[in-house]
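**Q** Build me a structure from this.
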Amino acid sequence: MKVGIPRALSYYAYYPFFVTFFRKLGIEVVVSDETTKEIMDMGVEDAITDACVPIKLMHGHVRNLMDRVDYVFVPRLVSTNREATYCPKFLGLPDMLVCCIPKFKNMLEVRIDLKKSKLELFKICMKLAMKFKKGFFRAYSAYLNAKFSLKNYTHQFLQGGIPPLDIVAQKKSNISLAVLGYPYILYDPYLSLDLIKKLINMGVYVVTPEMIPKQEKQKQVGKLKKNLFWTFSNEVIRAAYSLFESHSVDGIIHVTAFGCGPDFIVDKMMEIDAKKYNMPFLTVTIDEHTGQEGLNTRLEAFVDMLKIKKAKKEAALA
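**A** Coordinates of the predicted model:
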């Protein structure tokens with residue numbers, strides 16, 4: 001039995017849990033290939049025109065997998081906490097995929113809504129195990145191992161690493177930049193045009209939302225006039241305000257997908273308040289047509305500006 005996991009969307013936030021759970025059940029896991037132009041083109045071909053580029057990319061990764069496995073795992077992410085839901089396109093993702101991709105008949109859909117109780121994730125895992133005719137004790141062991149894998153993955157971020165990009169730990173640098181955005185954009189090298197590695201190669205220490213402790217982001221909850229409706233959006237905006245207050249970075253880059261409604265609100269809120277905190281701020285909007293050269297020029301100019309600003313500040317204090 002083979003279960004395929006598309007390398008898109010929830011993969012970049014929860015893949016240690018999904019992969020470990022299925023493998024510990026004794027099921028072979030096949031992850032779709034790393035994003036390429038071919039996969040992107042397949043997604044653009046099948047997806048609805050006004051979908052954002054991460055959704056289009058998901059269609060391409062499903063196409064890359066569906067003829068190689070018995071099932072393609074597609075979670076219908078509703079909520080993983082008791083305060084917010086996921087973007088409406090996450091909620092309707094299984095329906096979009098079935099309707100848009102020809103001959104896609106082997107989807108393994110799982111509805112994940114953890115608002116009801118703390119045991120809800122355990123119940124979901126038990127139902128999955130029953131589908132594959134696995135016993136209770138094996139399923140329970142797989143569940144515990146999956147939780148540990150996700151916790152260890154989070155710990156690697158907190159140590160200054162970026163696991164999806166194989167960056168175990170970064171060296172501290174004279175310039176620190178926060179790169180904020182949704183994980184399925186930031187950590188896909190093709191989609192983000194390898195933005196994080198470009199910055200590191202420029203001698204920049206990069207901070208992402210996952211590298212900020214959860215308790216630090218949670219402190220910002222009461223300071224915002226209102227929580228946003230969307231899980232990933234809350235993560236980004238809270239990370240931004242935590243950085244505004246701590247002044248632990250020299251600037252912020254917000255990476256957003258063209259046509260993302262929730263991100264339009266998040267970007268405008270951060271841009272306005274960055275001025276209040278005197279924090280240099282840059283928005284990078286990407287879609288399937290974004291080119292390398294234009295991005296390189298903007299990043300180099302932004303980093304050079306920060307270096308000049310810091311040099312002048314240090315000279316004034318000398």
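
**Q** hey, which strand is longest across the protein?
**A** strand 71-79 (DSSP state E).

**Q** ok, for the residue nearest the centre of the chain, nearest residue in space, not its chain neighbours?
**A** With distances taken as C-alpha atoms, centre = their mean, residue 183 lies nearest the centre of the chain, 1.4 Å away. Ranked by C-beta to C-beta, 6 or more residues apart in numbering and with sequence neighbours excluded, the top spatial neighbour of residue 183 is residue 12, at 4.1 Å. C-beta here means a position set from N, CA and C on the backbone, and glycine is covered the same way.

**Q** okay, now the domains of the protein?
**A** Recorded structural domains for the chain (assignment: automatic domain parsing) are 2-156, 161-317.

**Q** quick one: the strands in the stretch 151-300 of the chain?
**A** Secondary structure of the stretch 151-300 of the chain by DSSP state E, counting those that start in this stretch: the strands cover 175-180, 204-207, 251-257, 281-286.

**Q** try the stretch 1-150 of the chain
**A** So, for the stretch 1-150 of the chain - with DSSP E, counting those that start in this stretch - the strands run 2-5, 28-31, 71-79, 107-113.

**Q** The third one pairs with which strands?
**A** Under the criterion DSSP bridges, strand 71-79 sits next to strand 2-5 (parallel), strand 107-113 (parallel) in its sheet.

**Q** Return the set of buried residues in the longest helix along the chain.
**A** When the chain is parsed with DSSP state H, its longest helix is helix 292-317. Neighbour-count burial for helix 292-317, counted by 16 or more other C-beta atoms under 10 Å, picks out 295, 299, 302, 303, 306, 307.

**Q** Residue 6 is nearest to which of the strands of the stretch 151-300 of the chain?
**A** Taking C-beta to C-beta, strand 251-257 is the member of the strands of the stretch 151-300 of the chain nearest to residue 6, at 16.8 Å.

**Q** Can you list the neighbours in contact with the closest one?
**A** By C-beta atoms under 8 Å, 6 or more residues apart in numbering, the residues outside strand 251-257 that reach it are 52-54, 177-182, 185-186, 192, 195, 199, 236, 240, 243, 263-264, 266-267, 270-271, 274, 279-287, 299, 302, 306.

**Q** Give me the buried subset of the residues you listed.
**A** Here, 16+ other C-beta under 10 Å leaves 52-54, 177-182, 185-186, 192, 195, 199, 236, 240, 243, 263, 266-267, 270, 274, 279, 281-282, 284, 286, 299, 302, 306 buried among those.

**Q** tally of neighbours for the residue nearest to residue 183?
**A** 20 (other C-beta atoms under 10 Å).

**Q** what does residue 275 give?
**A** Based on other C-beta under 10 Å, the number of other residues close to residue 275 is 9.

**Q** beta partners of the residue nearest to it when sequence neighbours are not counted?
**A** Leaving aside its chain neighbours, residue 275 sits nearest to residue 281 (7.7 Å; criterion: C-beta to C-beta, 6+ apart). Counting by DSSP bridges, residue 281 is bridged to residue 252.

**Q** Could you check the pLDDT of residue 281?
**A** In this model, residue 281 is scored at 95, pLDDT.

**Q** Hmm, it is touching residue 271, no?
**A** Yes. Counting by C-beta atoms under 8 Å, residue 281 does reach residue 271; the two are 5.7 Å apart.

**Q** Quick one, which of the strands of the stretch 1-150 of the chain gets closest to residue 214.
**A** Nearest of the strands of the stretch 1-150 of the chain (C-beta to C-beta): strand 71-79, 16.6 Å.

**Q** residues in contact with that closest one?
**A** With C-beta under 8 Å, 6+ apart, strand 71-79 has contacts from 2-6, 10, 18, 22, 62, 65-66, 85-86, 90-91, 93-94, 97, 104, 106-115, 231.

**Q** And for stretch 109-125?
**A** Contacts of stretch 109-125 (C-beta under 8 Å, 6+ apart): 21, 73-82, 94, 128, 139, 142-143, 146.

**Q** where does that stretch sit relative to the chain's centre, distance-wise?
**A** 21 Å (C-alpha atoms, centre = their mean, to the nearest Å).

**Q** Endpoint to endpoint, it covers what distance?
**A** Counting by C-alpha to C-alpha, to the nearest Å, you get 13 Å between the two ends of stretch 109-125.

**Q** So for it, what gets flagged as buried?
**A** 110, 112, 113, 114, 121, 124, 125.

**Q** what about the residue nearest to residue 9 when sequence neighbours are not counted, neighbour count?
**A** Spatial nearest neighbour of residue 9, excluding adjacent residues (C-beta to C-beta, 6+ apart): residue 184 at 4.8 Å. Residue crowding around residue 184 was assessed by other C-beta under 10 Å; the count is 23.

**Q** Residue 184 is in contact with residue 11, isn't it?
**A** Yes. Using C-beta under 8 Å, residue 184 is in contact with residue 11, at 7.1 Å.
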